[in-house]
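Visitor: pasting the sequence and the predicted coordinates here, then a few questions.
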Amino acid sequence: MDPQNLALRLAEVRRRIGAAAAAAGRSAQSVTLLAVGKAHPVEALAAAADLGLTNFGESYLSEALPKIAALQERDLSWHYIGRIQANKTRPIAESFAWVHGLDRLKVAERLAEQRPFHAPPLNVCLQVNLARESTKGGVEPAEVPALAHAVAALPRLKLRGLMCLPPAEDDPARQRHWFALLHALYGELNRAGAGLDTLSMGMSDDFEAAIAEGSTLVRLGTVLFGPRPVQ
C-alpha cells in the first residue's frame with residue numbers, strides 16, 4: 001500500500017471513530033484502534049506503525065510470527081484474534097500480549113501454563129457466540145459467567161473483557177442489536193464483580209454501530225489497509 005494512501009485512510013478512520021464516539025457521548029480516546037493485518041505484508045504494518053499505530057491483530061500464526069519477528073524492535077502490542085487450536089497455544093502464549101477468541105477452559109489452562117514467567121500476564125477476552133452460529137467459535141451467552149469465573153482464577157492470565165463476531169447485518173439497527181447484547185452481558189459480569197474493561201467488538205463494516213453500543217476496541221483491516229491481497 002502507498003504510505004500516503006494509508007495515511008489518508010487512517011485519518012478518515014480516526015475521524016469516523018471520533019464522530020461515532022462523540023455521538024455516544026464518549027471521547028475518541030475511549031476506543032482503541034486495532035489494526036488487523038491479516039494477509040497484508042509486513043511493510044504495510046510497518047507503515048501503519050510509522051503513522052503512530054501500536055496495536056496490531058493477526059489471525060494466523062504462520063503469518064503472524066514472522067511479522068512479530070520483523071517488527072520486534074518497535075514497541076508494538078500484538079493481539080491474536082483468530083480461532084485458537086489447542087495444539088498451538090504455546091507460540092500464542094509466548095508471542096502475544098492479547099488473545100481475543102478464548103472460548104474453552106482447556107485452552108485457557110494451556111495458555112496459563114505456557115505463558116512465560118518473565119512476561120506480564122496475557123490479556124484475554126472471552127469470545128461470545130451471540131447468535132449460536134455453528135460456523136463460528138465462541139461460548140454461548142448462558143455459559144459466559146462460569147467460564148469467566150474459571151478463567152479469572154488462572155495464573156498468568158488477566159481476564160479483560162468480551163469479544164464477538166456477530167452475524168453480518170447491513171442495517172445499523174440490527175448491527176446495534178447484537179452489540180447491545182454483548183454490552184448487556186458485560187454489564188452483568190461487572191455488576192457481579194468481574195472488573196472487566198474491554199469490549200472487543202466492531203469491524204470495518206459495523207464499527208460505528210459497535211461504538212454506539214459501548215465498544216472499547218474496534219478490529220479494523222479492510223477499511224484501513226484496503227482489500228486483502230489475492231493469495
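Guide: In hand now; what should we look at? For clarity, every value in this text was computed on a predicted model and none was experimentally measured.
Visitor: flag every buried residue along stretch 177-197.
Guide: 177-179, 181-183, 185-186, 189, 194, 196 (16 or more other Cβ atoms under 10 Å). Just so you know, the C-beta spots here come from the backbone N, C-alpha and C atoms, and that holds for glycine as well.
Visitor: export those as TSV, with columns for secondary structure and pLDDT.
Guide: As requested, those are exported to TSV (DSSP: H, G, I helix; E, B strand; the rest coil; pLDDT from 0 to 100):
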residue	secondary structure	pLDDT
His177	helix	98
Trp178	helix	98
Phe179	helix	98
Leu181	helix	98
Leu182	helix	98
His183	helix	98
Leu185	helix	98
Tyr186	helix	98
Leu189	helix	98
Ala194	coil	98
Leu196	coil	98
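Visitor: turn those residues into TSV, including distance to Phe96.
Guide: Converted to TSV, those look like this (distance: Cβ to Cβ, whole Å):
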residue	distance to Phe96
His177	31
Trp178	26
Phe179	25
Leu181	27
Leu182	22
His183	25
Leu185	24
Tyr186	22
Leu189	23
Ala194	22
Leu196	19
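Visitor: roughly how far apart are Ala19 and Leu224?
Guide: Distance check for Ala19 against Leu224: by Cβ to Cβ, to the nearest Å, it reads 16 Å.
Visitor: in the buried residues of stretch 177-197, find the pair that's most separated.
Guide: Within these, His177 and Ala194 form the most distant pair, 23.2 Å apart (Cβ to Cβ).
Visitor: ok, Ala19 and Leu224, which is more surrounded?
Guide: In this view Ala19 and Leu224 are compared by other Cβ atoms under 10 Å, and Leu224 has more residues nearby, 22 against 13.
Visitor: show me the beta-bridge partners of the nearest residue to Ala97 once chain neighbours are set aside.
Guide: Spatial nearest neighbour of Ala97, excluding adjacent residues (Cβ to Cβ, 6 or more residues apart in numbering): Ser77 at 4.7 Å. In this entry, Ser77 is beta-bridged to Asn55, by DSSP bridges.
Visitor: what's the separation between Ser77 and Leu33?
Guide: 12 Å.
Visitor: joint contacts of those two?
Guide: Asn55 (Cβ atoms under 8 Å, 6 or more residues apart in numbering).
Visitor: of these two, which one has the most company?
Guide: The neighbour count for Ser77 versus Leu33, taken as other Cβ under 10 Å, is higher for Leu33 (20 against 14).
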